[in-house]
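Build me a model from this:
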Amino acid sequence: MQIRSRWSAIAGYSLVGAATQLVWLNFAGVTTAAAARYGVSETAIGWLAQVFPLLYVVLAIPCGLILDRWFRAGLIAGAVLTAVGAAVRLIGDDFGWLLAGQLIASVAQPLVLNAVTGITGRYLETKHRPTGIAVGTASIFAGMLMAFLLSAIFPTALRTMLVVTAVFCLVSAAVLVMALVTLPTNPAPARRRTDRSALATAWADPLIRRLCILAIFPFGVFVALSTFTQALLEPAGVTAPTASTILLLNVIAGVLGSATIPILVARFHAESTLLVISLTITAAACTLLALAPGVATGFIAITLIGALLLPALPVVLELVERRTGEAVGTAAGLIWLAGNLGGLLVAVIVGLLVDHPQAAFLVLAAIALTAAPGARTLHRPTADARSR
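Okay, here's the model as predicted:
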């Protein structure tokens, strides 16, 4: 018998999801100030963020397997480790403690992010799950936004910024743990039994394999733009503060789009259509930046990319939740793993072209456009997934 949806669990998860991104990107907007305060290079400060995607690539699958077998304990561990990592950074006022805290929190991140599909299946009715995944994913992008805002509010008061972050992480973990401990979960639906491991079960599904390949492209474009927008637009007269504002609007548009577009997509069964449109418009926007870079085109193009490209993630994750069943955590881990690999790969390619902005933007356009035909072929598999 299906119990009613438990939205407090989704609220707790959303807070912790935001907390992981806040810890990850705390120093993204204050790299120079942090390097001066802690007596290290800007490259060293950059590693405080880079350890997250690097460890995610290593831990995505193991954490997915943990969540499939011990979901509640795994997610609680992720919430607690995020809070512990944020708190450890306050023990000493030096770079060593910062790095230690980041490493702890980076281990927690895949336990939290891989759980976005699993928590909806356990605490929401079927009809509410697309909304739950949209809200959970939007909260992840909202955490990025919080990091940018805190760095703007405390550009030099770094200790205060870390205290605020630690308090948010501790409160978020407490809310989620309370919800997971006290709320009943939905009874597990009857599913086809299998003797294969969760990883084999997830990878055996051709739709999951297609989605993993597809995830490489939008993740890659987004990570590369987030990393190099300022450098690529600087020759066109776009200042660093203006580039930061452009990226801020990009994330705001992504949060709003992720919270609303996937719900409509699920209602009208338009997953393939949305992915094709978002990839095509992203390619057009990157081409515009290649041919006519500037402040106005930067605001228009990159905001459009955020509004349409970021919602592709909850759309893909909702398909994963609907499709995989007993291996949902591992399948989500595969999606995140592919996306992080795509981010690292495309960022390296664009980094090599950073002194040639037109070529870099055209490469990003080509990468997005290359994925559009693959997204179009998802129409039939997604229809099959709905019928399961």
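
switch to C-alpha atoms for all contacts and neighbour counts from now on
Will do.

Any stretches of this protein with poor pLDDT?
1-3, 186-196, 324-326, 379-388 (pLDDT under 70).

The same query, at a cut-off of 50, please.
Applying pLDDT under 50 to the chain flags residues 1, 189-196.

domains of it?
7-182, 198-387 (automatic domain parsing).

Could you dump these into CSV with mean neighbour count added?
As requested, these are exported to CSV (neighbours: other C-alpha atoms under 10 Å):
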stretch, mean neighbour count
domain 7-182, 21
domain 198-387, 21
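
Tell me the helices and strands packed up against the helix or strand where T303 lies.
For T303, the host element (DSSP states H and E) is helix 295-309. On a contact count with 3 or more C-alpha pairs under 8 Å, 6 or more residues apart in numbering; DSSP states H and E, helix 295-309 meets helix 206-233, helix 240-268, helix 271-291.

what packs against the first one?
Which is helix 206-233. For helix 206-233, the helices and strands in contact under the criterion 3+ C-alpha pairs under 8 Å, 6+ apart are helix 240-268, helix 295-309, helix 312-324, helix 328-352, helix 357-376.

switch to 6 Å and redo it
Packing partners of helix 206-233 (3 or more C-alpha pairs under 6 Å, 6 or more residues apart in numbering; DSSP states H and E): helix 328-352.

which residues are in contact with the helix it packs on?
Contact partners of helix 328-352, identified using C-alpha atoms under 6 Å, 6 or more residues apart in numbering, comprise 57, 60-61, 64-65, 67-68, 114, 202, 212, 215-216, 219-220, 223-224, 321, 360.

again with stretch 4-23
109, 123-125, 136, 139-140, 143-144, 147, 169, 172, 175-176, 179.

Show me the residue at the heart of the protein, geometrically.
By C-alpha atoms, centre = their mean, the chain has its centre lying nearest to I140, at 5.8 Å.

Next up, identify which helix or strand that one is on.
Residue-wise, I140 maps onto helix 129-153 under DSSP H and E.

Run through who's touching that helix.
Where contact means C-alpha under 6 Å, 6+ apart, the residues beyond helix 129-153 that reach it are 14, 17-18, 21-22, 25-26, 29, 120, 255, 258-259, 263, 314, 318.

I'd like the next helix or strand past it.
The helix or strand immediately downstream of helix 129-153 is helix 158-182, counting by DSSP H and E.

Next, the angle helix 129-153 makes with that next one.
160 degrees (axes from the mean of the first three to the mean of the last three C-alpha atoms, to 10 degrees).

ok, and what's touching helix 158-182?
So helix 158-182 is in contact with A9, G12, Y13, L15, V16, A19, A79, V80, A83, A86, A87, going by C-alpha under 6 Å, 6+ apart.

Stretch 197-209 now?
Stretch 197-209 is touched from outside by A327, A331, with contacts defined as C-alpha under 6 Å, 6+ apart.

From the chain's centroid, how far away is it?
Centroid separation for stretch 197-209 versus its chain: 21 Å, with C-alpha atoms, centre = their mean, to the nearest Å.

Next: stretch 358-366.
23 Å.

residues contacting I246?
Each residue near I246 by C-alpha under 6 Å, 6+ apart is listed here: F299.

how far away is it from R122?
Using C-alpha to C-alpha, to the nearest Å, I246 is found at 38 Å from R122.

And for F361?
F361 is 42 Å from R122, by C-alpha to C-alpha.

same deal with V328?
Taking C-alpha to C-alpha, one finds V328 at 11 Å from R122.

returning to what we had before: among the contacts of helix 158-182, which ones are in helices?
If you go by DSSP state H, these have A9, G12, Y13, L15, V16, A19, A79, V80, A83, A86, A87 in helices.

Can you give the distance of the helix holding I140 from its chain's centre?
On the basis of C-alpha atoms, centre = their mean, helix 129-153 is displaced by 9 Å from the centre of the chain it belongs to.
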